[in-house]
Every structure is written in C-alpha cells, then in structure tokens.
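S.K.: one predicted model, sequence on top.
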Amino acid sequence: MNSPVVRIGTRGSPLALWQANETRRRLGAAHPELAPDDAIEIVVIRTSGDKLQQGALTDVGGKGLFTKEIEEAMLEGSIDIAVHSMKDVPTWFPEGLMIDCFLPREDPRDALIAPTFGSIADLPSGITVGTASLRRKALLLHRRPDLKVVPLRGNVDTRLGKVTAGEVDATFLALAGLIRLRRDDVGATAIAADEMLPAVCQGIVGIERRTDDERVAALLAPLNDTETTNRAAAERTLLAGLDGSCRTPIAALADISGNDMHFRAAIVRPDGSELIETERRGAVADAAVMGNDAADELRGKAGKGFFDE
C-alpha cells in the first residue's frame, strides 16, 4: 500500500466526516493523482470541544476548543490539511497556519426543530428550548422572552435525540448540516435571516494549511469558491473588529448578487434585552471594508459594558 499523498485532519462527528469526505472527493476530482482510494487519508482527531460536552462553550474555552488539537497535529506534520466548519474557527490562527480555501457555502439559515410547531411565533409560552449557542439564545429571547432556554450541546443526532426524548421541547440546528447529512426526516423549519440572523460563516467549510506548504496550496487552489471567500471576508472581518468569541452574541450574513454585496450584522445582549443591527450595500471588492465599517458602527452604538457581560 502506498503512503497517502494528502492527510486530512478532522473531528469525528458525522457532519465533520461528511466535510472531510467532500474535501477528499473534490481533491480527487481536481487532481487525477488523488483519485485512488489510498491517495488521501482521513485522520480523526478528538478535540477538547468533543471531550467537554457539559455546559456552555463560554464557560469551557470558546471557539478554539474545536480546532486546537487539529492545528497542533498540522504544525507537528502528522496531517497536511484540516477541514473546519468556519463558524467554529477563531479569527486568529497559530503562527504558521492559514485558511485560503473555502468550499461553496450551503444554506446559512438556522432550522427550528419542534415536532408540532412550525415557527418561532407558534412556540407555546414557557416551553423549554435547548441550545448551546449564545447567539441563538439571545436572538430567541429578544423575540420570545417568555420561553425557557437551557444549554444543549452535542452533535446533530444527540440534539435531535434530546427533542425526541422530551428532554427539551425544541432546539435549533444549522440548516446546512441537516442538508449535508440528508436529514430531511427531522421536520426542520428554516428560519428566515430577518428573524434569526445566522452565525458568522454558518454553512461554510474552510480548509486550513501550513503557510509555507506550497505543494498543498497548489492542490487546494482549484477547490476555492470565490463567492464564498468574499462572503467570509465580510463576516470574519466584522467578527475580528468586534473581538468576537463565544462570549459575545454576534450574527452576520453577506449575500452576493453579481458584483454587489448586501451585508447585515447584529449584536445582542445575552439575555436578549437589546438588539443592535446594521447593514451595508456595496461592491463585492469592498467586502472586508464593509465588515470593518459595520463592526465600528456596532461597537460605537453598543457603548461600554455591552461586550463585558
């Protein structure tokens, strides 16, 4: 058996493995030498975020929990690339690593999982909604302060199981994950972005590599989707400008039509008591400028104390 040409590092959840296998499929399609089954190896790495299943991410370390061990493996040379859900990736990278390859974005909206209810407005007062997302909790409580929101972590099947078992009455999942896993059996209701603005880069898969690895850079280049790259630039620039982490409810969505971008962003107090929104329209080429400008506006409107809760 030949040694693999590319080793892909990934978490072990069904969705993470789908993303890794999709990356392998695209690499094989773009490069005939990577088409054989043994040309690309998928290496499953258990991260701190996978090990710590209790409590909110804000209490156990934030976004970097899902990337730390994978990035360490790449710096050590035991893997060549890492495949990430970009909504889990901090805005900074360890020295020597970068992401400049994004797969085409899937539907970025949130999905409501509530067996007998078809919208947020339909949810009965006082029911229990489970989510570990500070953003989803804050946006939900802003619209429905009469609901009870409790922490709920785990992969897609774990969270769906909690609803089925009646441990919570409803939950939210990323629609992109349900589409990728072909889970059209769960009765999900897509929530319009006007009602619940998505997480930064929700639905985007990013591929991380070593900055000095020109061989891998050349292999990844054909996989990069330009539109997704521009949408990510606006959203992640906003996140960086707000010093975003899992402690701050931040939402954003960049939409593109031709050469024009419509960018929406929002910050929310964790208890949902205050929502501050902004939007921009401009040229796609100014994506990062729009993200930075929106961050400055939101930070100015928020004032002292908003990001310290």
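M.R.: Thanks, I have it. Numbers count the residues shown, from 1 in each chain.

S.K.: and the helices in the stretch 201-309 of the chain?
M.R.: All helices of the stretch 201-309 of the chain, identified by DSSP state H, counting those that start in this stretch, fall at 214-220, 226-241, 287-302.

S.K.: per-residue confidence averaged over the second one?
M.R.: Spelled out, that is helix 226-241. Averaging pLDDT along helix 226-241 gives 97.

S.K.: then the last one?
M.R.: Here the mean pLDDT over helix 287-302 is 96, rounded to a whole number.

S.K.: just checking, what packs against it?
M.R.: helix 226-241, strand 250-257, strand 260-268, strand 275-283 (3 or more CB pairs under 8 Å, 6 or more residues apart in numbering; DSSP states H and E). C-betas here are computed from N, CA, C, even on glycine.

S.K.: spatially central residue in this structure, please.
M.R.: The centre of the chain sits closest to Lys87, judged by CA atoms, centre = their mean, with a distance of 2.2 Å.

S.K.: any idea how far Glu95 is from that residue?
M.R.: 23 Å (CB to CB, to the nearest Å).

S.K.: can you map out the strands along this structure?
M.R.: Ranges of strands in the chain, per DSSP state E, are 6-10, 40-44, 81-85, 97-102, 110-113, 128-130, 148-150, 170-174, 189-191, 205-210, 250-257, 260-268, 275-283.

S.K.: elements contacting the third one?
M.R.: Packed against strand 81-85, as judged by 3+ CB pairs under 8 Å, 6+ apart, are the following elements: strand 6-10, helix 14-30, helix 68-76, strand 205-210.

S.K.: go again using 6 Å as the cut-off
M.R.: strand 6-10, helix 14-30, strand 205-210 (3 or more CB pairs under 6 Å, 6 or more residues apart in numbering; DSSP states H and E).

S.K.: which residues sit against the shortest one?
M.R.: Defining contact as CB atoms under 6 Å, 6 or more residues apart in numbering, one finds that strand 6-10 is touched by 16, 20, 40-43, 45, 70, 73, 79-83.

S.K.: and the longest one, by the same measure?
M.R.: With CB under 6 Å, 6+ apart as the test, helix 14-30 has contacts from 8, 10, 34-35, 40, 42, 83, 177, 180, 205, 222-223.

S.K.: may I have it as PDB, with CA atoms only?
M.R.: The C-alpha coordinates for helix 14-30 follow below in PDB (Å, rounded to 0.1, in the frame of the first residue of the first chain):
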ATOM      1  CA  PRO A  14     -20.900  12.600  11.300                       C
ATOM      2  CA  LEU A  15     -21.000  16.200   9.900                       C
ATOM      3  CA  ALA A  16     -17.200  16.700  10.300                       C
ATOM      4  CA  LEU A  17     -16.600  13.400   8.500                       C
ATOM      5  CA  TRP A  18     -19.000  14.400   5.700                       C
ATOM      6  CA  GLN A  19     -17.000  17.600   5.300                       C
ATOM      7  CA  ALA A  20     -13.700  15.700   5.200                       C
ATOM      8  CA  ASN A  21     -15.000  13.200   2.700                       C
ATOM      9  CA  GLU A  22     -16.400  16.000   0.500                       C
ATOM     10  CA  THR A  23     -13.000  17.600   0.500                       C
ATOM     11  CA  ARG A  24     -11.400  14.300  -0.400                       C
ATOM     12  CA  ARG A  25     -13.900  13.900  -3.300                       C
ATOM     13  CA  ARG A  26     -13.200  17.400  -4.600                       C
ATOM     14  CA  LEU A  27      -9.400  16.900  -4.400                       C
ATOM     15  CA  GLY A  28      -9.800  13.700  -6.300                       C
ATOM     16  CA  ALA A  29     -11.900  15.300  -9.000                       C
ATOM     17  CA  ALA A  30      -9.500  18.200  -9.400                       C
END
